[in-house]
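Peer 1: 3D model of this:
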Amino acid sequence: MGEDQGKGCGRSPHCMPKQFHCVIPLFLTLTAVVLLLAGCMTVGPDYEPPVTTLPQAWNTDVPASTAAPELAEWWRIFADPLLDNLMVCAQTNNLDLRQAEARLRQARAQRLLAGADRLPTLGAGGSARRSQNRLGSGADGTTTYDSSFDASWEVDLFGGQRRAVEAVEASLQASRESLRDVTVSLLAEVALNYVQYRAAQSRLAVVAGNLLAQTETYQLTVWRHEASLVTQLDVDQARMSLEQTRAELPALRTTLHQTEHQIALLLGRTPGSLVAELESSAPQIPLPAATLSIGFPADILRQRPDVRQAERKLAAQTAQIGVAAAARYPNLTLGGSIGYSALSLGDLYGSAARTIQGFVSAGLTLFDGGRIRQQVAIQTAMQEESLAAYQATVLTALKEVEDALVSLVNEAERQTAMDAAAAAAASAFALAQEQYAAGLTDFQSVLTSQQSLLATQNSLTLSHAEVASAAIRLYKALGGGWSAAPESNKSDEFENEAITGEKL
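Peer 2: Here you go, the predicted model:
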């Protein structure tokens, strides 16, 4: 009965030799102690966001509200349905945006890879070997079956791996901000090129209107010359003015087509594919609302993607100091294996065929000629560089907003003056034409007034375009074009799903 029990115990996978009952609890206890120690020590500086002092208000006095601006879809201030549609297409099809999205996916994979380095490595293997000896006419042979399960784990005693994960996590967040920065720039470029296209259309309309008026003036000089009322000089001057105006058309058409090509490129479409769509509406330059919401300077830190990206790069570089510093301390690796070896497949997993091994290995760099110390110094200097880069990015952001505000205020004032000048120029030209037809003035007055009218109307058109462009640059400088909460939630959901393998 006892012999049968012994045989049964030998075949049971749950029955272990006596010495294993002492080794395994000791190994598990050592592992628990190591885990406890690994969670308590992290070398290197803990990251703290830099303290940034910003002005309480903008320096430029503008007719704007300091209420929190609606920056996610700022282009709706122009109330232009076609522009709204172009913005949606750009966010869907732009190739630069797709490249930035691919870089973000790479950063996400890098973060998961860094996290995997902190986990144990498990492996399994098996083999079957046949050996045979020939002696005379007889033959002896044996078959040996082996299998093994191995595990190893490099314990993060001093937090080097944790700092590496921190660095990769911050780099991932920086990549996310880079994607948002590309989006902000893309939407601003689409809007600026759309304004330029509309400005070219409007200038073509201005030149066409002046060309028609100058053609009538030219015909008038020809009739008066035929009646011997004026000399050939008036005819030649009228023809000269007419052809000079006509000569502006090709350059404006070039600008128009090249701008359409640029918009098509930004939308991921072929050049020329937007002509019908852009010409389907009136050539009117979109103008912003009279009062804009611009918020406070402190909003820059929250909304500008390039500022947020610079801050995340600083966090990543701070963690790299800890990665370098961890090399000064001992490293510890735990490992173990369970192996089976038998002459028959049926006996392979019996207790007699089993061997269990566990090991602990440690290492410490005693002398490296100062390499680790210099690596820490390098990473510290790079962290200081990242801090200066962050501060410079903040100052640049403030400058861009102030520049846009100044441009908007002064161009709006210039536009008001140009409106009055254009109205006066139109009146002067009409009066000069009437007086010339009645013989009350010479042609020089007509020539001067019609050239002034064309120049003034062109300047007015450009002023309208500059007001719109200044508003666009303002919202770009404010970081408009994305929404903080929805995007962050979407990204977090994606990343949690990637880590857990489950949908939230």
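Peer 1: how about stretch 208-222: buried residues?
Peer 2: For stretch 208-222, burial by neighbour count (16 or more other Cβ atoms under 10 Å) applies to 210, 211, 213, 214, 217, 218, 220, 221. To be clear about C-beta, it is placed using only N, CA and C from the backbone, and glycine gets the same treatment.
Peer 1: looking at this, residue 149 is in a helix?
Peer 2: No: if the criterion is DSSP: H, G, I helix; E, B strand; the rest coil, then residue 149 is strand and not within a helix.
Peer 1: ok so, going back, could I get the buried residues of stretch 208-222 as CSV with pLDDT, distance to residue 421 and secondary structure?
Peer 2: Converted to CSV, the buried residues of stretch 208-222 look like this (pLDDT from 0 to 100; distance: Cβ to Cβ, whole Å; DSSP: H, G, I helix; E, B strand; the rest coil):
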residue, pLDDT, distance to residue 421, secondary structure
210, 91, 15, helix
211, 92, 21, helix
213, 89, 18, helix
214, 88, 19, helix
217, 88, 21, helix
218, 90, 25, helix
220, 89, 25, helix
221, 90, 26, helix
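Peer 1: reformat the residues you listed as JSON lines; add distance to residue 167.
Peer 2: Written out in JSON lines, the entries for the buried residues of stretch 208-222 read as follows (distance: Cβ to Cβ, whole Å):
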{"residue": "210", "distance to residue 167": "63"}
{"residue": "211", "distance to residue 167": "64"}
{"residue": "213", "distance to residue 167": "68"}
{"residue": "214", "distance to residue 167": "68"}
{"residue": "217", "distance to residue 167": "73"}
{"residue": "218", "distance to residue 167": "74"}
{"residue": "220", "distance to residue 167": "78"}
{"residue": "221", "distance to residue 167": "78"}
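Peer 1: name the nearest of the residues you listed relative to residue 463.
Peer 2: The shortest distance between residue 463 and any of the buried residues of stretch 208-222, using Cβ to Cβ, involves residue 210 and amounts to 17.4 Å.
Peer 1: distance of residue 122 from residue 128?
Peer 2: As defined by Cβ to Cβ, to the nearest Å, residue 122 lies at a distance of 22 Å from residue 128.
Peer 1: ditto for residue 96
Peer 2: Distance, residue 96 to residue 128, using Cβ to Cβ: 56 Å.
Peer 1: is residue 426 in contact with residue 452, as I believe?
Peer 2: No: in this structure, residue 426 sits apart from residue 452 without contact. The criterion is Cβ atoms under 8 Å, and the distance is 9.9 Å.
Peer 1: hmm, back to that, compare residue 96 and residue 128 (neighbour count), which wins?
Peer 2: Taking residue 96 and residue 128 together and counting by other Cβ atoms under 10 Å, residue 96 has the greater number of neighbours (16 against 11).
Peer 1: for that one, which three-state class applies?
Peer 2: Residue 96 falls in the helix class when you classify it by three-state DSSP.
Peer 1: my guess is it contacts residue 182, does it?
Peer 2: Yes: with the criterion set as Cβ under 8 Å, residue 96 and residue 182 qualify as a contacting pair; they are 5.8 Å apart.
Peer 1: now residue 444, what's its secondary structure?
Peer 2: Here residue 444 is helix, with the state taken from three-state DSSP.
Peer 1: enumerate every residue touching the residue lying closest to it once chain neighbours are set aside.
Peer 2: Here the nearest residue to residue 444 in space, its sequence neighbours aside, is residue 237; by Cβ to Cβ, 6 or more residues apart in numbering that works out to 7.8 Å. Residue 237 makes contacts with 221, 443, 444, 447, as judged by Cβ atoms under 8 Å, 6 or more residues apart in numbering.
Peer 1: which pLDDT value goes with residue 237?
Peer 2: As summarised for this prediction, residue 237 has a pLDDT of 89.
Peer 1: mind listing what's buried in whichever strand or helix holds it?
Peer 2: With elements taken from DSSP states H and E, the one containing residue 237 is helix 232-246. Judged by neighbour count using 16+ other Cβ under 10 Å, the buried positions of helix 232-246 are 234, 235, 237, 238, 241, 242, 245.
Peer 1: also stretch 412-422?
Peer 2: When burial is assessed from 16+ other Cβ under 10 Å, stretch 412-422 yields the following buried residues: 412, 414, 415, 418, 421, 422.
Peer 1: surely the fourth one is in contact with residue 458?
Peer 2: This points to residue 418. No: proximity of residue 418 to residue 458 does not meet the contact threshold set by Cβ under 8 Å, at 9.9 Å.
Peer 1: keep only those of the buried residues of stretch 412-422 that are in helices.
Peer 2: If you go by DSSP state H, the buried residues of stretch 412-422 have 412, 414, 415, 418, 421, 422 in helices.
Peer 1: confirm residue 131 sits in a helix?
Peer 2: No: Residue 131 sits outside any helix when classified using three-state DSSP, being strand.
Peer 1: who does it bridge with?
Peer 2: Going by DSSP bridges, residue 131 is paired in beta bridges with residue 142.
Peer 1: for it, the count of nearby residues, please.
Peer 2: Counted with other Cβ under 10 Å, the neighbours of residue 131 add up to 9.
Peer 1: report pLDDT for it.
Peer 2: Confidence at residue 131, expressed as pLDDT, is 72.
Peer 1: same check on the one 10 residues further on?
Peer 2: We have a pLDDT of 66 for residue 141.
Peer 1: is residue 193 located within a helix, as I assumed?
Peer 2: Yes: under three-state DSSP, residue 193 falls within a helix.
Peer 1: spit out the contact partners of it.
Peer 2: Contacts of residue 193 were listed using Cβ under 8 Å, 6+ apart, and they are 259, 262, 263, 266.
Peer 1: how close does the first one get to residue 223?
Peer 2: When Cβ to Cβ is applied, the distance between residue 259 and residue 223 equals 41 Å.
Peer 1: what about these two, which has more around it?
Peer 2: A direct count of neighbours by other Cβ under 10 Å for residue 259 and residue 223 places residue 259 higher, at 22 against 12.
Peer 1: just how off-centre is the helix or strand encompassing that one within its chain?
Peer 2: For residue 259, the enclosing helix or strand under DSSP H and E is helix 248-266. For helix 248-266, the distance from its own C-alpha centre to the chain's C-alpha centre is 28 Å (Cα atoms, centre = their mean, to the nearest Å).
Peer 1: next: stretch 290-299.
Peer 2: Taking the mean of its C-alpha atoms, stretch 290-299 sits 23 Å from the chain's own mean (Cα atoms, centre = their mean).
Peer 1: can you tell me the average pLDDT over it?
Peer 2: Mean per-residue pLDDT for stretch 290-299: 81.
Peer 1: how about it: buried residues?
Peer 2: Buried residues in stretch 290-299, counting neighbours by 16+ other Cβ under 10 Å, are found at 292, 293, 294, 295, 297, 299.
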